[in-house]
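Undergrad: Here is a sequence with its predicted model. Questions after.
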Amino acid sequence: MNRSPTSGRRPPPSACCRRAPPSRRSPPAPPVSPKAPPTPSPALPCPTASAAPFRRKPMTRTACVRPRRCSRSNSPSTPRLATATLESGCGCASHTPTPPWPPSGRVAAGNCCCSSSMRPAEMTPLRLPLPAPLPAPAPRRPDMTPADGLERAWRRLRHLGIERRSRRHLAAVAAIRARIDALRADRHPDLRMLRLSCRGTDAGARQHALAAVALAAESALGLRAHDTQLAAADALLAGCFAEMATGEGKTLVVALAAAAGALAGQPVHVLTANDYLVGRDAAEMAPLFSALGLRVATVREGDAPSARRQAYAADITYLNARELVFDALRDSVLAPADGNPLVDQTRRFINPAHHAQALQRGLHMAIIDEADSVLIDEARIPLILSRPQAAPSDAAALADMLARARALVPGRDFLADAETRQITLTEAGHAATAPAGGHRRVHDARLCQALAALHLYHRDRDYVVRRDRVHIIDPQTGRIADGRAWSQELHRFIELKEGCPLGRENVTAAQITYQRFFPRYRQLAGISGTLAEAAGELAVVYDRAIVRIPTHRPLARSIAAPRVFATRAAMWQAVVARANGLAAGGRAVLIGTDSVKDARQLSAELSAADIAHTVLDALQDADEAAIVAQAGQPGRITVATRMAGRGTDIRLADAVRASGGLHVICCQHNPNGRIDRQLVGRSARQGDPGSAEHYRALDADGLDPVLSPRLRRWLAHRACPRFGGLIFHLFRLGQARLARRDRLLRAALLRDDLARQQRHAYRGTGL
């Protein structure tokens, strides 16, 4: 059989073990006898045989005449900040990006300049001084392009099969338990080797990391993760959104996933609903992170820039979404980022001082607690970073415009839409307020803002007045949003309306929406108890799948029949009688209201009946921790706004548990049913007993989209006692209509945001 002349040859040696080239003046090697093996020439020592383990070091410039281009990884989960410096035996230095998940502490030397065909004698070092290397741009994904019809349909189809994904993550729990047993046998694990072994993106690396973190949670926190919690953490590490019922221990699940991601070398941002949960969750999980050698920090409202920069430098950072996005906007104003890495590096070279002031170090991994609240409910509102206007507001002109607005008659001179908060002037209104000078359009826009401040924004519902300042109430959380202000002089008109000192108008410096910001993360995950209703929108906008996690124990919650009343006054009387009877039986009662005004009105009714109670609203936020800690005691009645809806863990006393648990009375007319479910979910947590019921009033705003005032009056006088359940379903129809309207508004807002970005891109920003 004929053999190819190259078929019997051995494969060429690797780049690190290549033989030294013979000298040009040396005579040719003598012929070797076929019976004796050839004498190998001395090999150069491999410069990476004793490379140091993976550490974050600054890049070192190549000091050779012929530098080699370093390889780059295009993996979306590969941060480009970390590099490893290799010192070769020939006196040259090369830099290669460290692989994102190295299986060991050694670095491959395939890109070392010593593997080239040049001799060490030809590599003359440069004599010119080189500038210091610049840090690489903060890693992030490029902005997502808007999905067309086919792309939207494909994303929906691709993320179907919730039950199949849930079974797959639940099946992975057995492998995680086996790894926990194996790690438990090792009494003295090496933390450095543990970190190296957790660097991976496959299922095996995720399971090993979760096993190590779960074992650390047992020793540091005394908490043994349930199978459902391990399955939820595995889903988060896989980049999914997990729907987990309220009270199933989502705080521990988020901590497990965050610690596993941090062990893999990624900075992790954990986003919670508010600053209270930021401090609570970080403090509760700090022993777990400390046991793993991870540093945890928090970013809260009012923190100084230096404290924020140190917090973002930690392995795990707890904060809320609004603080995160505003810090990113501040960084974009100081050092605008471009899609071209060369442009970004040039900007850093020209003005390194601005980039040194940046707070964040990239968008690596984010885990969002209460993901539907952040990505769905709050996505309708753009986040605008503003700065004070150079010239102060004209107080006299604003006061004159507010006086003109007070003289107009609703229905005759203008129409007010409470649903969209829009003011429309009629012909009579235009004739009654003809401008003395200036542009008619500017005059009408300012007049509409003054009318909105008078008729559409109400004290103790949309804002509160504290220390002669107007503070906005967040409609989603019921908390005071310090540092926020309405734009286009609306905030100034409200200050004049309440008699507060007039502030300075702000101008827009930068803006973005949640829908365009969060897809920039290299790895995005979230968890909530109410995600099923928003599965389609999450798939289309964020390209993420939903995993439904079952409850660890059977749910022991009973829901009573809803009750509908003609007026709110009648509803408050029924609530007082119901709460008094339950508290007398030794149970704890939580009553949810729409606004601070409603909470104060119900508190007055309870005080008139000489019933002890506690109020938790935007004016009592300083005592929130103490109020929540006592809400589960026997006979305790707590009146709360939406502050008690998400993330509030009311722990029951043994006597309350024996009496039937916590009873929730929902008097809120929320814009969607998911907020109702969150409030009801404060009861019957982790297998505890509990109950809930819904109270509604026909004079509320929940029926405006579906029932005319005439039909509401007819229902209130004739059919209310008989058709309470039917009327309650009409409330549900109104919530569905509002949810559909909000979904369309979010889609339109995303299109406008992308169009605005393209206009700026066409205009260009230079260097």
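TA: Arrived safely, thanks for sending.
Undergrad: which stretches of the stretch 351-500 of the chain have low pLDDT?
TA: Scanning the stretch 351-500 of the chain for pLDDT under 70 picks out 353-355, 390-393, 436-438.
Undergrad: where along the stretch 151-300 of the chain do the strands fall?
TA: 241-244, 268-272, 296-298 (DSSP state E, counting those that start in this stretch).
Undergrad: and stretch 165-177, which residues are buried?
TA: Across stretch 165-177, burial judged by 16 or more other Cβ atoms under 10 Å covers R165, S166, R168, H169, L170, A172, V173, A175, I176, R177. Placement of C-beta: from N, CA and C, glycine included.
Undergrad: Which residue ranges make up each domain of the protein?
TA: The chain breaks down by automatic domain parsing into domains covering 41-68+78-126, 149-384+515-549, 390-504, 557-745.
Undergrad: for these, which one sits closest to D753?
TA: Nearest to D753 among the domains of the chain is domain 149-384+515-549; the distance by Cβ to Cβ comes to 5.4 Å.
Undergrad: Y521 contacts A366, correct?
TA: Yes. Contact criterion Cβ atoms under 8 Å: Y521 and A366 qualify, at 4.7 Å.
Undergrad: Neighbour count: these two, which is higher?
TA: Neighbour count, other Cβ atoms under 10 Å: between Y521 and A366, A366 has more, with 26 against 22.
Undergrad: secondary structure class for that one?
TA: For A366, the secondary structure call by DSSP: H, G, I helix; E, B strand; the rest coil comes out as strand.
Undergrad: what's it in contact with, if anything?
TA: V268, H269, V270, L271, F518, Y521, Q523, L524, A525 (Cβ atoms under 8 Å, 6 or more residues apart in numbering).
Undergrad: Just put those residues in a markdown table and tack on distance to G204 and pLDDT.
TA: Listed next are the contacts of A366 as a markdown table, based on distance: Cβ to Cβ, whole Å; pLDDT from 0 to 100:
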| residue | distance to G204 | pLDDT |
| --- | --- | --- |
| V268 | 21 | 95 |
| H269 | 25 | 97 |
| V270 | 25 | 97 |
| L271 | 28 | 96 |
| F518 | 28 | 94 |
| Y521 | 24 | 93 |
| Q523 | 18 | 91 |
| L524 | 22 | 94 |
| A525 | 19 | 95 |
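Undergrad: ok, the residues you listed vs L749, which is closest?
TA: Nearest member of those to L749, counting by Cβ to Cβ, is F518, at 14.3 Å.
Undergrad: Confirm that closest one sits in a helix?
TA: Yes. Looking at F518 with three-state DSSP, it is inside a helix.
Undergrad: What residues of the host helix or strand of R741 count as buried?
TA: Taking DSSP states H and E as the definition, R741 sits inside helix 724-763. Of all the residues in helix 724-763, those buried under the rule 16+ other Cβ under 10 Å are 724, 727-728, 730-731, 734-735, 738-739, 742-743, 746, 749-750, 753-754.
Undergrad: list the helices and strands that helix packs on?
TA: Contacts defined by 3 or more Cβ pairs under 8 Å, 6 or more residues apart in numbering; DSSP states H and E place helix 724-763 against helix 514-517, helix 535-541, strand 563-565, helix 673-680, strand 690-697.
Undergrad: in the stretch 301-450 of the chain, which spans are helices?
TA: Secondary structure of the stretch 301-450 of the chain (DSSP state H, counting those that start in this stretch): helices at 305-312, 321-334, 341-350, 352-356, 371-372, 395-407, 427-432, 440-455.
Undergrad: Distance to V465 for the ones you listed - can I get that in TSV?
TA: TSV is the format used below for those (distance: least, Cβ to Cβ, whole Å):
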stretch	distance to V465
helix 305-312	29
helix 321-334	22
helix 341-350	44
helix 352-356	38
helix 371-372	32
helix 395-407	17
helix 427-432	29
helix 440-455	13
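Undergrad: Out of those helices, which is the most enclosed?
TA: When the helices of the stretch 301-450 of the chain are scored by mean count of other Cβ atoms under 10 Å, the highest mean neighbour count falls to helix 371-372 (a mean of 28).
Undergrad: what's in contact with that one?
TA: For helix 371-372, the surrounding residues in contact (Cβ under 8 Å, 6+ apart) are F241, G526, I527, S528, T530, L531, E533, A534, L538, R674.
Undergrad: Run the chain-centre distance for that helix.
TA: Per Cα atoms, centre = their mean, to the nearest Å, the displacement of helix 371-372 from the mean C-alpha position of its chain is 8 Å.
Undergrad: Cool, thanks, signing off.
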